[in-house]
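S.K.: Sequence first, predicted coordinates after that:
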Amino acid sequence: MTIAAHTKLGRYEIIYLIWAGGMGEVYLAEDIRLHRKVALTILPENIATDKEQLLRFECEAQAASALDHPNMTTIHEIGKTGDQLFIATEFIEGATLRQKTDHIALMSFIRMATICILGRSRLALPGLRSGCCLPF
């Protein structure tokens, strides 16, 4: 379900669709209140309506928002407007990871994958139960 440009979801106005996949649709949007661009991920209905999936999503967002690292985007908000569950994150101009990895050598890819894995391992924060984070 693609959302049309200029549609407002709470304080966010959709600009255009960036990407769509299994974890939802990602839009470039404007935070009308703070006048900044954000990446707005709209979660698919199967996650938004499943209590266990929703709990895991919220746990993942809490864990990720506790981290501060230059290779991770900042989470601004998780929320719901109408029946749309969303997560607003920092928008970073540039190529996607898929675009970056299409043309790189195996060793470069292994270095990038290692950085991602190390970042994910930092999600094992005190107070989080095992299996709390969603696999991406």
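M.R.: Sure thing, it's come through. Please read all numbers here as calculations on a predicted model, not as lab measurements. Numbering: from 1, shown residues only.

S.K.: L54 falls within a helix, correct?
M.R.: Yes - remark: L54 belongs to a helix, assigned using DSSP: H, G, I helix; E, B strand; the rest coil.

S.K.: tally of neighbours for it?
M.R.: Residues lying near L54 (other CB atoms under 10 Å) number 15. Yep, even glycine has a C-beta here, placed from its N, CA and C like the rest.

S.K.: That one: what's it in contact with?
M.R.: L54 is in contact with I47, A48, L85, counting by CB atoms under 8 Å, 6 or more residues apart in numbering.

S.K.: Give me the buried entries from those.
M.R.: Buried by 16 or more other CB atoms under 10 Å: I47, A48, L85, out of the contacts of L54.

S.K.: Quick one: those as a markdown table, columns for pLDDT and secondary structure too.
M.R.: Listed next are those as a markdown table, based on pLDDT from 0 to 100; DSSP: H, G, I helix; E, B strand; the rest coil:
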| residue | pLDDT | secondary structure |
| --- | --- | --- |
| I47 | 76 | helix |
| A48 | 76 | helix |
| L85 | 88 | strand |
